[in-house]
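**Q** Got a sequence here, can you model it:
(one chain, ligands or ions: 2)
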Amino acid sequence: MKALVVGGGGREHALVRALARSASAPELFCAPGNAGITADAEVLPEVAADDPAAIVAAAREHGIDLAVIGPEAGLVAGAVDALEAAGVPAFGPTRAAAELEGSKAFAKELMREAGVPTAGHVLLRSREEAVEQLAGAAYPTVLKADGLAAGKGVIICQSEADARAAADVFFTERRFGQTTVVLEDFLEGEELSLLALCDGENVVPLAPAQDYKRIFDGDRGPNTGGMGSYSPVPGFDAAAVEEIVDRVHRPVVAAMAARGVPFHGVLYAGLMIGADGPKVLEFNARFGDPETQAVLPRLRSDLAELFLAAREPGGLAGVEAEFAEDWAVTLVLASAGYPEGSSKGDVIHGLAEAAALAEVTHAGTAARGGEIVTAGGRVLNVTALGPDPAAARDRAYDAASRISFEGMQIRTDIAARAVARVPSQSTQPS
Ligand code: AMP
Ligand code: GLY
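**A** Ligands and ions are numbered 1, 2, ... in the order given. Just a heads-up that it's a prediction; the model follows:
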């Protein structure tokens, strides 16, 4: 079997590694890939992840039997539709089904229809409407641009003045589409990422994970793509996960099917767990980054088989995804200036030393001469497993401490919450 992973971040590196563990031992390709993925797959650097025509051409040229799309841009551009039309089996939602991520207004409407718990909201269609609604809103409040915004489309507003400024940005800057803004109630609680595989009818949950969105320790500073993650999450055992999937994922998949737009692929629910239970903050139609780097190393089921089953209507009936008992902790090493800016071309030291201790996946890296250098944004991920959160966390930080590059940013509190909640096995009385 030949499998193609589309994308070039840490998530795609983790997907490549997990597919390599499938019983079919697929020959692996990654487009465009990055400097680290070259060790695990044939990379196709000239193929952009958001260019369906180029992806189809590459899949045909290499005789691909399974294509997996990582980033949302490719899904929303119709990569799965184009691949399937060309006879290439593809894992992921069609362009129409990816609207669950591509339009927050659509996701809100669908949740209302399906009775899925989420924050109350109103849609704002113009700046004038925004001014009127914001005068009567309770603060803090949340403004969200309707379309894809690469993690920059959500602004938490502490005051009416903040909210007006945010609305001005969303309605004037072209990259935000300038048409619709969602004004949403601010929710309090703890966030949880619960991803599930869907075959248009059935929902198979993956292990829960927690993501750290802010750049600085203590959840301070601007939002990023994610600075670290861990899996599983204390308090969310199999029964709790089933309950959430029953209240969130299954009704959504049923509502999409009823609309004639069956959802195949990964449905990622970003949840706020508050006093009155879980509420949906957002849906993504893809794997999370860096959640995937912590979740997939624990997977014991055959990933290629799961992906192929999810393509078939009802193909996941009776299927379960099995996970190791181990805990996984993933640290993100980001470049100087991220997330506002980001520096490139800094030489990375210590990769081999770190890789001897933990799993190192690449995100923003490039090869220059014989060296690996930074290519901006989130640069590397370090994932370690252990019998308890403390062991996994210590191992991850030990491995990450071997890596250095100019201006490297790393949070020091990833998974500290899990360590505080789960006793370390090594200090338990025997
Ligand atoms: P999203 O891209 O919708 O996940 O939003 C990014 C981040 O903004 C989330 O992970 C939350 O930390 C925060 N956020 C989004 N919506 C809300 C909300 N209604 N209440 C509180 N925080 C939110
Ligand atoms: N880690 C958040 C995301 O993938 O959207």
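
**Q** V245 contacts L206, correct?
**A** No. In this structure V245 lies outside contact range of L206 using C-beta atoms under 8 Å: 10.2 Å. Placement of C-beta: from N, CA and C, glycine included.

**Q** quick one: average confidence on stretch 323-340?
**A** On average, the pLDDT along stretch 323-340 is 96.

**Q** is it up against ligand 1 anywhere?
**A** No. Stretch 323-340 stays clear of ligand 1 (C-beta under 6 Å from any ligand atom), getting no nearer than 12.5 Å.

**Q** Just the buried residues of that stretch, please?
**A** 323, 326-336, 338-339 (16 or more other C-beta atoms under 10 Å).

**Q** Secondary structure and distance to L28 for the residues you listed - can I get that in CSV?
**A** Shown next, in CSV, are those (DSSP: H, G, I helix; E, B strand; the rest coil; distance: C-beta to C-beta, whole Å):
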residue, secondary structure, distance to L28
F323, strand, 22
D326, coil, 24
W327, strand, 27
A328, strand, 22
V329, strand, 25
T330, strand, 21
L331, strand, 25
V332, strand, 23
L333, strand, 24
A334, strand, 26
S335, coil, 27
A336, coil, 32
Y338, coil, 28
P339, coil, 30
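
**Q** which two of these lie the greatest distance from each other?
**A** Greatest spatial distance in the buried residues of stretch 323-340: F323 and A336, 35.5 Å, computed using C-beta to C-beta.

**Q** Ligand 2 contacts on this structure?
**A** Counting by C-beta under 6 Å from any ligand atom, the chain comes close to ligand 2 at D211, G226, N284, G288, D289, E291.

**Q** Can you name the residue of the chain nearest ligand 1?
**A** In the chain, the residue that lies nearest ligand 1 is E282 (3.3 Å; C-beta to the nearest ligand atom).

**Q** and that residue, what is it in contact with?
**A** If you count contacts by C-beta atoms under 8 Å, 6 or more residues apart in numbering, E282 has them with E101, K104, A107, V154, A269, G270.

**Q** Please convert the buried members of the residues you listed into PyMOL selection syntax.
**A** Selection command for PyMOL covering only the buried members of the contacts of E282, criterion 16+ other C-beta under 10 Å:
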select buried, resi 101+104+107+154+269+270
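
**Q** and the contacts of E282, which of them are in strands?
**A** Of the positions in these, V154, A269, G270 sit in strands, assigned by DSSP state E.

**Q** any low-confidence regions in the stretch 301-430 of the chain?
**A** Counting by pLDDT under 70, the stretch 301-430 of the chain has low-confidence residues at 427-430.

**Q** How are the strands of it distributed by residue range?
**A** Assigned by DSSP state E, counting those that start in this stretch, the stretch 301-430 of the chain shows strands spanning 327-334, 344-347, 359-362, 365-368, 371-375, 378-386.

**Q** deepest of those strands, which one?
**A** strand 327-334 (a mean of 28; mean count of other C-beta atoms under 10 Å).

**Q** distance between that one and the chain's centre?
**A** How far strand 327-334 lies from its chain's middle: 14 Å, per C-alpha atoms, centre = their mean, to the nearest Å.

**Q** Counting by contacts, list what the helix or strand containing A14 packs against.
**A** Taking DSSP states H and E as the criterion, A14 maps to helix 10-20. In this structure, helix 10-20 packs against strand 2-7, strand 27-32, helix 291-295, helix 303-311, strand 359-362, strand 378-386, with contacts taken as 3 or more C-beta pairs under 8 Å, 6 or more residues apart in numbering; DSSP states H and E.

**Q** List the contacts of the residue lying closest to A145 once chain neighbours are set aside.
**A** The shortest distance from A145 to any non-neighbouring residue, by C-beta to C-beta, 6 or more residues apart in numbering, is to G153 (3.8 Å). By C-beta under 8 Å, 6+ apart, G153 lies in contact with K104, K144, A145, G147, F170, F176.

**Q** burial measure for the fifth one, as a count.
**A** The reference is to F170. 26 (other C-beta atoms under 10 Å).

**Q** before we move on, what SS does it have?
**A** Using DSSP: H, G, I helix; E, B strand; the rest coil, the structure places F170 in helix.

**Q** Residue numbers of the stretch 251-400 of the chain in contact with ligand 1?
**A** Residues of the stretch 251-400 of the chain found near ligand 1, taking C-beta under 6 Å from any ligand atom as the criterion, are G270, L281, E282.

**Q** Put the alpha carbons of the helix holding A14 into CSV.
**A** Provided in CSV are the C-alpha atoms of helix 10-20 (Å, rounded to 0.1, in the frame of the first residue of the first chain):
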residue,chain,number,x,y,z
GLY,A,10,4.2,18.3,13.5
ARG,A,11,0.7,16.8,13.0
GLU,A,12,1.7,15.4,9.6
HIS,A,13,4.9,14.0,11.0
ALA,A,14,3.0,12.2,13.7
LEU,A,15,0.5,10.9,11.1
VAL,A,16,3.4,9.6,9.0
ARG,A,17,4.9,7.8,12.0
ALA,A,18,1.6,6.3,13.1
LEU,A,19,0.8,5.1,9.5
ALA,A,20,4.2,3.5,9.4
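
**Q** now that helix: how far from the chain's centre is it?
**A** Averaging C-alpha positions (C-alpha atoms, centre = their mean) puts helix 10-20 13 Å from its chain's average.

**Q** contacting residues around that helix?
**A** For helix 10-20, contacts defined as C-beta under 8 Å, 6+ apart pick out 3, 5-7, 26, 28, 30, 33-34, 36-37, 40-41, 68, 70, 287-290, 292-293, 296-297, 299, 303-304, 332, 359, 361-363, 378, 380-381, 383.

**Q** Kindly report the same for stretch 382-397.
**A** 14, 230, 234, 293-294, 297-298, 324-331, 333, 354, 357-361, 399-400, 403, 412, 414-416, 418-419, 421-426.

**Q** try it again with 6 Å
**A** 293, 297, 326-331, 358-360, 399-400, 415, 418-419, 422, 424-425 (C-beta atoms under 6 Å, 6 or more residues apart in numbering).

**Q** Equivalent analysis for stretch 323-336, please.
**A** Contacts to stretch 323-336, defined as C-beta under 6 Å, 6+ apart, come from residues 207, 227-231, 290, 293-294, 297-300, 342-343, 374, 376, 378-386, 389, 392-393, 396, 400, 407-410, 414-415.

**Q** where do the strands sit along the stretch 101-250 of the chain?
**A** Under the criterion DSSP E, counting those that start in this stretch, the stretch 101-250 of the chain contains strands at 121-124, 141-145, 154-157, 181-185, 190-199, 203-205, 210-211, 214-216, 220-223, 228-231.
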